[in-house]
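Asks: have a look; sequence and predicted model below, questions after that.
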Amino acid sequence: MNQIKSDKIYLDNCKTSRTDPVVLEAMKPYFLQKYWYPGPFTSYGTEISEDIEKATQIVAESIGAKPEEIVFTSGGTDSNNIGIKGTAYANQDNGKHLITTIVSHPSVLAIFLDLEESGFDVSYISADKDGFIDLEELKNEIREDTTLVAITHINHILGTIQEVKKIREILDSANHKIYLFTDSCEAYTKIPVDVNELGMDLMSVSGHKFNGPPGIGFLYCRKGIKIKPIQHGVARFHKLKPGGINIPSIIGLAKAVEISFSNFDKQYNKYRKLQNRLIYSIVNNIPKVQLNGPRGHKRNPANVNFSFSAVEGEAIMMMLDMQNIIVATGSGCSSQSLEPNYVMLQTGHTHEQANSSIRFTFSRFTTEQDIDKTVLVLTDIIRELRRRSPLWKE
Amino acid sequence: MTIKYSDKVIEHFQHPHNLGKLENADVEATEGSAACGDIVTVYLKVNPENHKITDIKFQSYGCASNIATGSIITDLAKGRTLEQAKKITWKQAADELGGLPPIKMHCSVLAVDTLHSAIKQYEKKYLGKVFDEHLNKKNIEEKLKSIIYPKVGLDIITLRMVKYVKLDENNDVLIEMTIDDEYKYSVFEHITNQLKNSFPEINKIKIVAV
C-alpha cells in the first residue's frame, strides 16, 4: 500500500519528501467525515479533542517531551520564528545578545538578520571544513547579556551533526541561564533526538521532511521557559500559535511520526547502508571526486554530498533530471541569486567545489536500486560533461 | 516564478554542435572563470584567402545554457567571414535559442565574447592588427558592457547602473554603481573576475553600491 510506482528516483528529500500514502489515508477522514473542531462536552467535539491529544502524545513521546511542550506550527520556518523571536523578545530585559552560527539554515539566519535590525546584537560562530561549529569560539562569545543560542542540529548541506550535548554543557557553565534552540528539521527521525538527553530548550521540526504532510511541523518548547507569542489571535490549541487548528495535518504528522519510530533502528541502519553504498560506488566509479562534509557517525545517515572536478553542478542536475533522477546542487548557476551555496563557501570550500557540488538525500522510500541506477547514470554524465569541459585534464 | 529553458536550449545542451578541441586550430580563446561557474573555449580555423571561418569548435565548463550558447554561436559563426562573425551579438545568440531566462543571459554574453576574443586573436596573430588593450578607463567601461544584471537580462552599462569609474596611478579601480538586491554579490564577483582576467596589471578593485 505504501509503495507507489514511480519512474522517478527522488534524492532530494532534504528539500521535501513524498507524503506516505498511509499518512494520507489517516488524514482523509478529517477532511470528509470528521471535519469539525475539538470542543468540550459534545460527542463530536470531544472525539476530535481526544484524537488531537493522542496525536500530541505520539509526537511528544518521540522526543521524550511532555504533550504540553508541543506546539503545532505550519513547519520549520514558522517554528523557528515563534521559538527564536519569542524567546529573544521575552528575555530582552536580561540581555540583547544572541548567538547563532554562520552555517545555520537560511530560515534561521533570516530571523537573526531581522533581530539585528530590531536592536539585538548577534554573534555568528564559525565552522570548520566539515561544518562543525567552533565550540571554543562559542565559549568565548558568551557574555553576561547572552540569552539565546540557536543552532541548526544537522547541517542541510554537509550533513554535519552538531554536538548538541556539548553545546548544552558550555551554556550550563555560564553563570546565568542561556536558552538553547535547535533547528532539528534535518535531524528528527534521522538520528535519535531526546530533548532531555541533549538538553535543548526549544526545537523546530517540519513534517514534510520525513514523509509527513507538507504545511505542518511542531515546536518543542520546554516547560517553564520564558517565551512570548509573536503571533496573535484566538489561542485554540496553544497561545504561541493562535488561529485555526490544522487537524488533518496534525493527525497526518502523528502518523508519520508513528511510522518513523516504529522501526527507527532498522531504518537508521538502512540509511547508513544506502549512504555507504552511494559514497563507495561514486568513489570507485568516478575519478576526481570529493566528499563534502564529515565521514562516519557524525554525518546525517540520509545525506551524501560530492563535488565533481571540472564540471558544473547545474549541468549535472539537468542531465540527471533528463533521466528522471532528482538531486540538488550547490551551484550558483541554479540559485536565484547566482551565488554558490553559502555553507560550502563559509566552510572553506572553493567556488569551484561549491559550483560542482551535488547533494543526495534519502527518505524511507529510497532503495538500493535507486542508488545503483543513480551511480550508473551519473558516471556516464560526469564522463560526458568532462569531455565537454576545457578544465578537464585526463 | 517559473524559470524554464526553451526546447532549443535543451536540445543544444543534450546534443551540442561542434563540441571539442580543434586540433589544427589557428587560434583559441578562453573566457570566464571557474569561480563564476562558467568558462567557454572557442577554437577557430580560418581560410587565409577569404577570411572565412572554415571550422569552429568549443568547450564549456558551465550550466545547460552555457553549453547551449557555446553550441549556437559555433553554428552562427561557421562559414561566415570574420567581419560577419564579429557582428554576431549575444542578443542574437539568445534569440536563436528561443530566448534565455534573464538570469541566464550572461551565458550568451560569455559565449559571444569568447567568439569575438578568438577573432581578435586571429586578427592580431595573422593580420597584424593592433588593438588598444591597455588598462584605461575607457577599456574598463567597455568590459563592463559584458556584465549582465540578472534580474532583467541586460548589461549594467545599458541599464545605466554604473555611476562612476575611477582608475588611479596605483592601478586601483573604483566602481560605484546602483544595485541593492540579491544579485549584488554575484554582479560584483563577475565584474571583479572580468576585470582581473582582462587586465592582470590591476592592483585592487573596489566596487561600491551607491
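Replies: It's in.
Asks: hmm, A:L171 is touching A:I142, no?
Replies: Yes. Contact criterion C-beta atoms under 8 Å: A:L171 and A:I142 qualify, at 7.4 Å. Every residue, glycine included, has its C-beta placed from N, CA and C.
Asks: in the chain, which segments are predicted with low confidence?
Replies: Since no chain was named, I'll use chain A. Filtered on pLDDT under 70, chain A yields the residue ranges A:1-5.
Asks: my question was about chain B
Replies: Scanning chain B for pLDDT under 70 picks out nothing.
Asks: who in it is up against chain A?
Replies: Residues of chain B found near chain A (C-beta under 8 Å from any C-beta of the partner chain) are B:10, B:13-14, B:16, B:19-20, B:30, B:34-41, B:59-64, B:66-67, B:103, B:150, B:182-183, B:185-186.
Asks: between A:L171 and A:I142, which has more neighbouring residues?
Replies: More crowded of A:L171 and A:I142, by other C-beta atoms under 10 Å in any protein chain shown: A:L171, with 22 against 19.
Asks: got the phi and psi for the closest residue to that one other than its chain neighbours?
Replies: Closest residue in space to A:L171, ignoring its immediate chain neighbours: A:I178 at 4.4 Å, by C-beta to C-beta, 6 or more residues apart in numbering or on different chains. The phi and psi values for A:I178, taken as degrees, to the nearest 10, are phi -120, psi 130.
Asks: can I assume A:I178 is in contact with A:A150?
Replies: No. The pair A:I178 and A:A150 fails to qualify as a contact (C-beta under 8 Å) at a distance of 10.9 Å.
Asks: between these two, point out the one with more neighbours.
Replies: Neighbours were tallied for A:I178 and for A:A150 using other C-beta under 10 Å; the higher tally belongs to A:A150 (28 against 23).
Asks: tell me who's in contact with the more buried one.
Replies: A:84, A:98-100, A:104, A:108, A:112, A:180-183 (C-beta atoms under 8 Å, 6 or more residues apart in numbering or on different chains).
Asks: quick one: it from A:E144, how far?
Replies: 19 Å (C-beta to C-beta, to the nearest Å).
Asks: what's the answer for A:K273, then?
Replies: 48 Å.
Asks: would you map the helices across chain A?
Replies: Here chain A has its helices, by DSSP state H, at A:21-32, A:43-62, A:76-80, A:86-90, A:106-117, A:135-141, A:164-172, A:195-198, A:247-262, A:264-285, A:313-322, A:342-346, A:351-355, A:368-388.
Asks: can you pull the domain assignment for chain B?
Replies: Domain assignment for chain B by automatic domain parsing gives B:7-127, B:137-209.
Asks: okay, the ones you listed, which one's buried deepest?
Replies: Of the domains of chain B, the one with the most neighbours on average (mean count of other C-beta atoms under 10 Å in any protein chain shown) is domain B:7-127, at a mean of 21.
Asks: tell me how far it lies from the chain's centre.
Replies: Distance of domain B:7-127 from the chain centroid (C-alpha atoms, centre = their mean, to the nearest Å) equals 9 Å.
Asks: got the end-to-end distance for that domain?
Replies: Domain B:7-127 has its terminal residues 40 Å apart, counting by C-alpha to C-alpha, to the nearest Å.
Asks: how about stretch A:346-360?
Replies: Across stretch A:346-360, the terminal residues are separated by 20 Å (C-alpha to C-alpha).
Asks: one step back: overlap in contacts, A:L171 and A:I142.
Replies: A:I178.
Asks: other residues contacting stretch A:289-306?
Replies: The contact list for stretch A:289-306 (C-beta under 8 Å, 6+ apart) reads A:13-14, A:130-132, A:154-155, A:157-161, A:186-187, A:190-191, A:268, A:271-272, A:274-275, A:278-279, A:282-283, A:307-309, A:330, A:344, A:349, A:353, A:357-363, A:366.
Asks: so which of those are in strands?
Replies: Those of the contacts of stretch A:289-306 mapping onto strands are A:307-308, A:357-361, per DSSP state E.
Asks: farthest pair in those residues?
Replies: Longest distance between any two of those is 17.2 Å, between A:F308 and A:T361; criterion C-beta to C-beta.
Asks: contact partners for the residue nearest to A:L171?
Replies: A:I178 touches A:142, A:146-149, A:171, counting by C-beta under 8 Å, 6+ apart.
Asks: name the member of those residues with the shortest distance to A:I371.
Replies: Nearest to A:I371 among the contacts of A:I178 is A:V149, at 36.7 Å by C-beta to C-beta.
Asks: what about the closest one, neighbour count?
Replies: 26.
Asks: same question for A:D194.
Replies: 12.
Asks: and it, its phi and psi?
Replies: phi -120, psi 120.
Asks: next: A:T367.
Replies: phi -120, psi 170.
Asks: now swap in B:S60 and tell me
Replies: Reported as degrees, to the nearest 10, the phi and psi values for B:S60 are phi -140, psi 130.
Asks: identify the bridge partners of it.
Replies: Beta-bridge partners for B:S60, by DSSP bridges, are B:V40.
Asks: tally of neighbours for the residue nearest to A:S49 when sequence neighbours are not counted?
Replies: Closest residue to A:S49 apart from its sequence neighbours, by C-beta to C-beta, 6+ apart: A:P38 at 3.9 Å. Neighbour count for A:P38, taken as other C-beta under 10 Å: 19.
Asks: does A:P38 touch A:A55 like I think?
Replies: No. Contact criterion C-beta under 8 Å: A:P38 and A:A55 do not qualify, at 11.1 Å.
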